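K.L.:
Based on what follows, work out the 3D shape:
(one chain, ligands or ions: 1)
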Amino acid sequence: MNLRLNSEYGTLRAVLMHRPGKEIDRLTPYNKEFLLFEDVPYLEALQKEHDAFSNLIKESTGAKVYQLRELLIRVLYDRDLLYKLMSQALEKSGLTHLTEIILERYSTAECAGLLTGGVKIHELKRKIPNLDAKELMDPAFAISPCPNLYFQRDPIALTPGGIIFSSMKMEGRQREADLLRTIFQNHPDFKDHVNEVFSPAGMKNPPCIEGGDVIVLSHDAIAIGNSQRTDSKAIYEVAKTLIAQGEVKRVYEVHLPEKRNFMHLDTVFTVLDENLMLTYPDAMQAVLQTSLYTFKDEKNGKVNIKREVLKESLLTVLEREIPHLEILQTADGNPDYSMREQWFDGANVFAIGPRRVISYNRNIHTNRALRQMGVEVLEIPSSELSRGLGGPRCMTMPLSRARV
Ligand SMILES: NC(=O)NCCC[C@H](N)C(=O)O
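P.N.:
Okay, here's the model as predicted:
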């Protein structure tokens with residue numbers, strides 16, 4: 001498998017997803033904000049909705065759906081990797097000294113469960129009666145849960161030049177990136193196909209970047225949101241690597257306001273075909289500025305890039321990049337409905353092929369507008385899935401698409 005993507009809409013061949021589990025049941029009214037949820041979902045219903053989504057992908061495309069849990073268990077059979085991930089996970093609570101005993105008492109599959117679903121002190125005490133963690137209260141987390149793990153778009157990103165390992169801004173999501181990096185660098189299906197464009201591993205204070213901010217625009221260009229989650233410094237590093245490789249000629253840095261509903265670039269637009277985009281109309285106005293990185297020169301074998309601040313609106317920039325671009329607005333531009341539907345990720349549909357998308361059923365006005373434009377819209381239930389403030393694109397990490 002060639003872990004590179006040259007479009008957002010080539011027919012889907014393989015995708016990575018995570019069926020939500022125990023980690024969702026860790027959410028309470030008191031920790032939901034820290035853990036980046038708008039509400040406390042009902043796990044069983046959430047799983048049913050997620051199953052409907054993954055089954056629909058399989059039925060409509062025949063694509064292989066990888067499940068994160070299975071990939072994780074496979075790599076954790078390597079004891080050294082398991083040790084490393086477990087002790088990293090215990091660092092925040094100051095309990096790294098428990099790594100060895102946890103590995104002794106829990107099976108590999110159970111350890112995968114601890115790494116994704118988290119574990120509390122009193123739960124550990126049931127398995128390890130004389131647990132040495134007196135300084136911590138029983139209800140405290142020894143390992144914090146990863147309830148956002150079903151948003152597989154964010155811990156990595158695939159570009160035409162290879163893979164970006166995210167460095168996640170919010171504390172509640174940072175461990176997700178460690179899990180994904182470990183899987184891709186070690187799983188036999190992937191490890192020999194990793195061409196690293198960016199990784200925070202080994203950096204002291206890595207700049208942040210999240211997959212939801214990375215969008216392939218055309219054969220020559222990608223856009224990266226400078227957002228609540230992604231820093232300018234990381235965009236510069238990614239642009240330098242991609243342009244030096246020659247896989248991408250232009251990298252656009254799109255400055256978004258730091259607002260919860262614009263958290264990533266893919267919450268404000270998605271690409272549905274060579275020249276069709278779905279956008280949230282307010283976001284087009286809200287974009288503060290767009291900058292462009294291109295090749296500058298090569299000195300002593302090192303490629304330098306240049307950055308120019310573009311004076312036009314984002315719309316003009318996109319229209320220049322994508323000839324004959326058609327823009328469809330969420331809820332067909334109706335100001336009330338588009339605001340409502342963008343909150344439930346109306347602009348965040350998942351393209352499974354050119355002009356073929358999967359969308360939340362609740363976004364009825366956007367879905368109608370898509371159909372009127374000739375786009376095939378497959379719908380999934382969304383009462384619970386949407387409570388995490390992410391949509392179908394956010395929940396999927398395409399690993400292979402037909403080249404376009
Ligand atoms: N690409 C995306 O927009 N992903 C959605 C992430 C939602 C998650 N609750 C978060 O706040 O990070």
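
K.L.:
what packs against the lengthiest helix in the chain?
P.N.:
Longest helix in the chain, counting residues (DSSP state H): helix 43-61. Contacts defined by 3 or more C-beta pairs under 8 Å, 6 or more residues apart in numbering; DSSP states H and E place helix 43-61 against strand 12-17, helix 22-25, strand 64-67, strand 350-353, strand 356-360, strand 376-380. (Each C-beta comes from the backbone N, C-alpha and C, glycine too.)

K.L.:
Let me have those in TSV, extended by distance to the ligand and mean neighbour count.
P.N.:
What follows is the helices and strands packed on helix 43-61, written out as TSV (distance: least, C-beta to the nearest ligand atom, whole Å; neighbours: other C-beta atoms under 10 Å):
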stretch	distance to the ligand	mean neighbour count
strand 12-17	13	20
helix 22-25	12	20
strand 64-67	18	17
strand 350-353	11	24
strand 356-360	13	24
strand 376-380	16	19
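
K.L.:
which residues touch the helix or strand of the chain with the lowest mean pLDDT?
P.N.:
One helix or strand of the chain scores below all others by mean pLDDT, DSSP states H and E: helix 281-286, with a mean of 80. With contacts defined as C-beta atoms under 8 Å, 6 or more residues apart in numbering, helix 281-286 is touched by 256-257, 259, 262, 268-269, 313-315, 329-330, 333, 335, 338-339, 342, 347.

K.L.:
can you pull out the strands in the stretch 251-400 of the chain?
P.N.:
Ranges of strands within the stretch 251-400 of the chain are 269-273, 276-279, 289-299, 302-310, 326-329, 350-353, 356-360, 376-380, 397-401, based on DSSP state E, counting those that start in this stretch.

K.L.:
Including mean pLDDT, could those go into a markdown table?
P.N.:
Below are the strands of the stretch 251-400 of the chain laid out as a markdown table (pLDDT from 0 to 100):
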| stretch | mean pLDDT |
| --- | --- |
| strand 269-273 | 96 |
| strand 276-279 | 96 |
| strand 289-299 | 96 |
| strand 302-310 | 96 |
| strand 326-329 | 95 |
| strand 350-353 | 98 |
| strand 356-360 | 98 |
| strand 376-380 | 98 |
| strand 397-401 | 98 |
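
K.L.:
Distance to residue 127 added to the ones you listed, as JSON lines?
P.N.:
Shown next, in JSON lines, are the strands of the stretch 251-400 of the chain (distance: least, C-beta to C-beta, whole Å):
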{"stretch": "strand 269-273", "distance to residue 127": "44"}
{"stretch": "strand 276-279", "distance to residue 127": "48"}
{"stretch": "strand 289-299", "distance to residue 127": "51"}
{"stretch": "strand 302-310", "distance to residue 127": "52"}
{"stretch": "strand 326-329", "distance to residue 127": "53"}
{"stretch": "strand 350-353", "distance to residue 127": "39"}
{"stretch": "strand 356-360", "distance to residue 127": "40"}
{"stretch": "strand 376-380", "distance to residue 127": "37"}
{"stretch": "strand 397-401", "distance to residue 127": "33"}
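
K.L.:
where's the one residue in the stretch 51-200 of the chain that gets nearest to the ligand relative to residue 23, distance?
P.N.:
Proximity of the stretch 51-200 of the chain to the ligand (C-beta to the nearest ligand atom) peaks at residue 151, 4.2 Å away. Distance of residue 151 to residue 23, given as C-beta to C-beta, to the nearest Å: 12 Å.

K.L.:
now do residue 199
P.N.:
To residue 23, residue 199 is 24 Å away according to C-beta to C-beta.

K.L.:
ok, now residue 132?
P.N.:
Remark: distance between residue 132 and residue 23 (C-beta to C-beta) = 26 Å.

K.L.:
okay, now residue 326: neighbour count?
P.N.:
The local packing of residue 326 (other C-beta atoms under 10 Å) involves 11 other residues.

K.L.:
now it, nearest residue through space, not along the chain?
P.N.:
Spatial nearest neighbour of residue 326, chain neighbours left out: residue 276 (5.0 Å); criterion: C-beta to C-beta, 6 or more residues apart in numbering.

K.L.:
mind checking how far the residue of the chain found nearest the ligand is from residue 199?
P.N.:
Per C-beta to the nearest ligand atom, residue 212 is where the chain lies closest to the ligand, at 2.3 Å. Distance, residue 212 to residue 199, using C-beta to C-beta: 18 Å.

K.L.:
the more surrounded of those two?
P.N.:
Neighbours of residue 212 and residue 199, each counted by other C-beta under 10 Å, are more numerous for residue 212; the result is 26 against 19.

K.L.:
Show the contacting residues for the more buried one.
P.N.:
151, 153-154, 225, 229, 263-267, 390, 393-394.

K.L.:
same thing but at 7 Å, please
P.N.:
Residue 212 makes contact with 153, 154, 264, 265, 266, 394 under the criterion C-beta atoms under 7 Å, 6 or more residues apart in numbering.

K.L.:
Specify which member of these is nearest to residue 366.
P.N.:
Of all the contacts of residue 212, residue 366 sits closest to residue 266, with 14.6 Å by C-beta to C-beta.

K.L.:
how deep is the closest one tucked in, by neighbour count?
P.N.:
The tally of other residues near residue 266 (other C-beta under 10 Å) stands at 28.

K.L.:
Likewise for residue 324?
P.N.:
Neighbourhood size, residue 324 [other C-beta under 10 Å]: 8.

K.L.:
again, but for residue 373
P.N.:
16.

K.L.:
Excluding chain neighbours, give the residue nearest to it in space.
P.N.:
Residue 373 sits nearest to residue 328 (C-beta to C-beta, 6+ apart), 5.3 Å away.

K.L.:
before we move on, back to that, to residue 249, which of the helices and strands packed on helix 43-61 lies closest?
P.N.:
Closest to residue 249 of the helices and strands packed on helix 43-61, according to C-beta to C-beta: strand 350-353, at 22.7 Å.
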